[in-house]
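In: Sequence plus the predicted model coming up.
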Amino acid sequence: MNREATGFTLLEILVVLVVLGLLMAMLSAGMRFGLTAIDLETRATARNDDVVTLDQVLRKLISHATTGSQRAPLPFDGQAHTLSFTTLLAGGPDRATGGAVDVAIGVDVRHRLVLRWSPHYAVLAGSRAPGREEVLAEAIDQLSIEYEVPADADGVGDALVWRSSWTGEGLPRLVRLHLASARRTDAALPDIVVETRLRDRLI
């Protein structure tokens with residue numbers, strides 16, 4: 001009878017150990033799930049912050065684009081996948097010209113959205129300051145740009161259309177940038193639509 005009691009006691013211990021093992025496994029899985037969720041949320045927040053920062057930078061640059069004056073015109077070269085222009089930044093690196101900066105935006109061979117910029121100097125010394133390069137976003141396959149301009153090539157009339165390039169006089173009313181990325185795991189990047197400076201616009 002003592003043997004039977006001892007046997008049942010050992011069985012009960014084994015059952016308790018199995019139950020504890022199952023509980024530990026469940027708790028471990030729950031902790032892993034929780035940590036994974038926290039990690040995903042952190043990365044998603046960081047990605048959202050990156051998108052917001054990118055949006056703010058591009059808006060600030062394009063919204064302050066300028067074509068200069070009749071005596072000293074500044075080119076605005078808007079292509080389907082690249083964009084270069086001169087922009088005015090308050091307190092910018094070239095205070096002698098009101099913070100004017102020459103910028104170029106495009107995607108390089110390493111699939112990075114790159115901003116190249118240099119302070120703008122009047123052609124007096126016959127040279128410009130060396131340019132700098134900033135990476136605005138990674139894993140970008142293509143940048144597509146459209147420009148809202150008058151439907152009439154002569155700029156007559158109020159009708160506006162979207163075109164894939166603009167290199168004429170004055171600025172387009174709106175600039176729309178679309179970033180395509182097949183390798184980013186987050187949601188599709190939203191289009192960035194920027195209104196240009198009123199006094200430099202076409203209409």
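Out: Great, that's in hand.
In: Check the gap between the closest residue to L88 other than its chain neighbours and T87 for me.
Out: Leaving aside its sequence neighbours, L88 sits nearest to H64 (Cβ to Cβ, 6 or more residues apart in numbering; 4.8 Å). Yep, even glycine has a C-beta here, placed from its N, CA and C like the rest. Distance, H64 to T87, using Cβ to Cβ, to the nearest Å: 5 Å.
In: that older thread, is the residue nearest to L88 in contact with R199, as I believe?
Out: No - using Cβ atoms under 8 Å, H64 makes no contact with R199, being 11.4 Å away.
In: Between the two, which is the more surrounded one?
Out: Between H64 and R199, counting by other Cβ atoms under 10 Å, H64 is the more crowded of the two (21 against 9).
In: residue contacts, the more buried one?
Out: Residues in contact with H64 (Cβ atoms under 8 Å, 6 or more residues apart in numbering) are T87, L88, L89, R197.
In: Quick one, which of those are buried?
Out: Neighbour counting over the contacts of H64 (16 or more other Cβ atoms under 10 Å) leaves T87, L88, L89 as the buried ones.
In: now L179, what's its secondary structure?
Out: Following DSSP: H, G, I helix; E, B strand; the rest coil, the label given to L179 is strand.
In: so what's the closest residue in space to it that isn't next to it in sequence up against?
Out: Closest residue to L179 apart from its sequence neighbours, by Cβ to Cβ, 6+ apart: L189 at 4.4 Å. Applying Cβ under 8 Å, 6+ apart to L189 gives the contacts V51, L179, S181.
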